[in-house]
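Undergrad: Just a sequence and a predicted model for now, questions to come.
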Amino acid sequence: MTTAQSVLDRLAVLEGRVRQVLAARQAADPRADDAFRGLYLSDEMIETLLEEPRGPLTGGEPTGPPATADPSRLGRLAAGAQLSELDTELLLIAVAPDVDSRFEQFFGYLNDDVTRRRATVGLALRLCGLPENSAIGRTRLTGDAPLMRTGLVAVEDTDRPLLSRQLRVPDRVAAYLLGDDRPDATLTSVCWPDDLADLPALPGATELARALRAGTSLTYLRELAGGSGLALAAAALALAGRPPLPINLEVLESGESDGSTLRGLLVEALLTGAGIIAGPLGTDGGRALRVTVELMVRAAVPLIVFGPSRWDPRWSDRAPLRADAAPVGPALRDELWHGGLDGSLAVGVEPTDVTAQFILSPVQIRRAAAAARTLAVADGDSGVQAAHLRQGARDQNAAGLERLARRIEPAVGWADLVLPDQVAGQLGELSARARHRERVLTDWRMRPGGGRGRGVTALFAGDSGTGKTMSAEVIAGDLGLDLYTVNLATVVDKYVGETEKNLERIFTEAAGVNGVLLFDEADAIFGKRSEVRDAHDRYANMESAYLLQRIETFDGLAILATNLRANLDEAFTRRLDIVVDFPVPDEPLRRALWDACLGRTLPRSSDVDLDFLAASFELAGGHIRSAAVTAAYLAAEADRSVSMADLAGAVAREYRKLGRLVLEREFGKYVGVLSGRSQSAF
């Protein structure tokens, strides 16, 4: 038997009943041969209707229990939607004109109107052997009956009397009954595009699948950092023998108005036996959630909702099964990476090691692997390299943090840093902490309890220009991450409580981003708590107390940079993983800095004396770079190589910026150049 044969066989039976009604109607029709039959009511027809005997005004009974034993598509649909045999007959009558065009003519004749070619409520009841006044028959096509609630049948022309309203079946239902398994194209805008097939056994999937098989209708999955409710729900549904139907709740919330999309999703789930996965759920639940829960649960369609927040009982009157979508371990990450890369890795590249510093969910790993393959093809490489993997992982970052902080793509590396060995070693340790925190904190459980986050927090303290910001960029580049610098102008607010709200938005967005979060001039917001003398002191202390708690629960990588370490609250020290003090460079470091800042491509005159510059001018690295850039502009204007006169003039300008005196003993034999053209540029 083909997939459509059962429906056609049932329609053949229905056709026989229709022919009997037609024959009886023609025998009783005094003007059956009238060419305008169906376009008007003649006097003879009115008299016939008046003389037609009517049965007693009693309702009929349902024609049988729910149709659960039929293995055909119609039978499976009836069982899934909890339809009785009478419901199934009504559905069959409604879909008949969409399957066989002859029923349009049959129904047009029986409706006494050639323009009304679908079965009406009254005609459907008569074809089921029920009188038009059957209370039970009417309830199957009104109110909250299964056919109406699930959207399998729509009753049109609601301004007409009930019995003359036409029945319509969605095109997707008719196509499914005839063997078409293609999903409704109108639902693609609200469905997640991810390929959720062939997911490995994620943590918690087996337990959730057991609950689904036992009949659990509503589940809520709270997403932890690195966990995916979407992937866990899909894996559990696969184990329970159901295909997933994932919908984007944010898109549904923004576009849903008349409920048609939700009914379309419900119909699709009933046709395919799917379970619906809805998310991500915002902190306020959203108006679409309650409607979605009620519609799906009452239709016995499994609904799995996911989001980052804890379930709020106010979101729905129904209590869900609650579970956590936890991050996957190294073995599963490795399986996901290799499955997504499909053998396209370059020799010697291990994706788990290369991306150990990234917190990625199973869905993000699949996307990152696909992006890495595309990058490798674009670069013409024979296999996916480590750089492709890191770039693919970075591409999974949400854009929300960029509205609150400035994103910097690292362009410097360890070779560009000129720092004492001890400071460089501490920076290397910070990078190692970020790279191995998953193993140490999760696998080895070195931070249990207390609600502590899995983040890494460091303090960079030192005078202006000593390399704090550049070091943060180098660490981000070493880890393959982007650097996000927080603009304090967007954070600090004069109104009470607003600064904390702005910071919370930053921390929340940063938790979902694989990047390095840099708070420059951190003492402005991480200052010491003081004795309370007035309301201002109390609220200032509340701000610091909030930050103390929030920095401890942060799951990302945060760096606080300050010129005034003494102004930071001492309670922050315990919550910091590493404190790095950046000293003012000594003479050997200053020489290395001058050499590095002038670079290898800038043409230098033979009179450039790096030893003199390092010994005479006590400048930090940032000021040395600024002076080197100024000297380069002077040389470019004169169309020549950078000379010692340019460098001396640039240092003099830097001194004036710093409010320092230009002393002859510091400039020595080069003091004369300050009276020439080089100085006039200042």
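TA: Yes, it's here.
Undergrad: C-alpha from now on. contacts and neighbour counts both.
TA: OK.
Undergrad: Point me to the helix or strand that includes Gly392.
TA: Using DSSP states H and E, the element containing Gly392 is helix 386-394.
Undergrad: Please identify the buried residues of that helix?
TA: 386, 388-394 (16 or more other CA atoms under 10 Å).
Undergrad: can you check stretch 434-452 too?
TA: The neighbour-count check on stretch 434-452 (16+ other CA under 10 Å) flags 434-435, 437-438 as buried.
Undergrad: Now do the helices in the stretch 401-550 of the chain.
TA: Ranges of helices in the stretch 401-550 of the chain, per DSSP state H, counting those that start in this stretch, are 421-437, 468-479, 498-511, 535-553.
Undergrad: middle-most residue in the protein, spatially?
TA: Nearest to the mean C-alpha position of the chain, by CA atoms, centre = their mean, lies Pro280 at 6.5 Å.
Undergrad: Tell me the backbone dihedrals of the spatially closest residue to it that is not a sequence neighbour, please.
TA: Nearest residue to Pro280, sequence neighbours excluded (CA to CA, 6 or more residues apart in numbering): Gly307, at 4.6 Å. Dihedral angles phi and psi of Gly307 (degrees, to the nearest 10) take the values phi -180, psi 170.
Undergrad: residues in contact with Gly307?
TA: By CA atoms under 8 Å, 6 or more residues apart in numbering, the residues touching Gly307 are 220-223, 229, 279-282.
Undergrad: how far away is it from Leu187?
TA: Taking CA to CA, to the nearest Å as the measure, Gly307 falls 21 Å from Leu187.
Undergrad: swap in Glu85?
TA: Taken as CA to CA, the span from Glu85 to Leu187 is 30 Å.
Undergrad: who's more crowded, the two?
TA: Legend: neighbour count by other CA atoms under 10 Å for Glu85 and Leu187, higher for Glu85 (18 against 14).
Undergrad: What does that one show for phi and psi?
TA: Main-chain torsions, Glu85, degrees, to the nearest 10: phi -60, psi -40.
Undergrad: any idea where the strands of the chain begin and end?
TA: In the chain, strands defined by DSSP state E lie at 154-155, 167-168, 218-223, 244-248, 275-279, 303-307, 321-325, 405-408, 456-462, 482-486, 515-519, 557-562, 578-582, listed in chain order.
Undergrad: which outside residues touch the longest helix seen in the chain?
TA: Identified as the longest helix of the chain according to DSSP state H is helix 5-28. The contact list for helix 5-28 (CA under 8 Å, 6+ apart) reads 32, 48, 72-74, 92-93, 96, 106, 110, 127, 177-178.
Undergrad: can you list contacts of stretch 402-412?
TA: By CA under 8 Å, 6+ apart, the residues outside stretch 402-412 that reach it are 470, 473-474, 476-477, 481-487, 490, 506.
Undergrad: Are any of those residues buried, and if so which?
TA: Here, 16+ other CA under 10 Å leaves 470, 473-474, 476-477, 481-486, 506 buried among the contacts of stretch 402-412.
Undergrad: Would you confirm that the residue nearest to the centre of the chain contacts Ile247?
TA: No - with contact defined as CA atoms under 8 Å, Pro280 does not count as touching Ile247 (9.1 Å).
Undergrad: which residues touch the nearest residue to Arg625 once chain neighbours are set aside?
TA: Spatial nearest neighbour of Arg625, excluding adjacent residues (CA to CA, 6+ apart): Cys597 at 5.4 Å. With contact taken as CA under 8 Å, 6+ apart, Cys597 is in contact with 624-625, 628.
Undergrad: who wins for most neighbours among the residues you listed?
TA: Ile624 (28 neighbours).
Undergrad: Wait, it touches Leu593, no?
TA: Yes - the pair Ile624 / Leu593 is scored as a contact, 7.2 Å apart, by CA under 8 Å.
Undergrad: How is the chain divided into domains?
TA: Using automatic domain parsing, the domains assigned to the chain come out as 5-177, 185-325, 333-396, 414-582, 587-680.
Undergrad: can you redo the ones you listed as TSV with mean pLDDT and distance to Ile408?
TA: Formatted as TSV, these follow (pLDDT from 0 to 100; distance: least, CA to CA, whole Å):
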stretch	mean pLDDT	distance to Ile408
domain 5-177	78	49
domain 185-325	86	23
domain 333-396	90	12
domain 414-582	80	5
domain 587-680	86	18
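Undergrad: any chance of those in a markdown table, plus distance to Glu402?
TA: Formatted as a markdown table, the domains of the chain follow (distance: least, CA to CA, whole Å):
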| stretch | distance to Glu402 |
| --- | --- |
| domain 5-177 | 42 |
| domain 185-325 | 19 |
| domain 333-396 | 13 |
| domain 414-582 | 8 |
| domain 587-680 | 26 |
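Undergrad: re earlier: could you identify which of the helices of the stretch 401-550 of the chain is most buried?
TA: Burial of the helices of the stretch 401-550 of the chain is given as mean neighbour count (mean count of other CA atoms under 10 Å); helix 468-479 ranks first at a mean of 23.
Undergrad: any idea how far that helix is from the chain center?
TA: 28 Å (CA atoms, centre = their mean, to the nearest Å).
Undergrad: From the contact counts, what lies against that helix?
TA: helix 421-437, strand 456-462, strand 482-486, strand 515-519, strand 557-562 (3 or more CA pairs under 8 Å, 6 or more residues apart in numbering; DSSP states H and E).
Undergrad: Pull up the gap between the closest residue to Pro327 other than its chain neighbours and Gly649, please.
TA: Computed as CA to CA, 6+ apart, the closest residue to Pro327 that is not its neighbour in sequence is Gly227, at 4.1 Å. Gly227 is 57 Å from Gly649, where distance means CA to CA.
Undergrad: more crowded one of the two?
TA: Gly649 (28 against 25).
Undergrad: what's the distance between Ala12 and Thr352?
TA: Counting by CA to CA - Ala12 and Thr352 are separated by 61 Å.
Undergrad: Give me the more crowded residue out of the two.
TA: In this comparison of Ala12 against Thr352, neighbours counted by other CA under 10 Å, the higher total goes to Thr352 at 19 against 12.
Undergrad: looking at it, that one is touching Arg333, isn't it?
TA: Yes - taking contacts as CA under 8 Å, Thr352 lies within contact range of Arg333: 6.7 Å.
Undergrad: residues in contact with Ile624?
TA: 593-594, 597.
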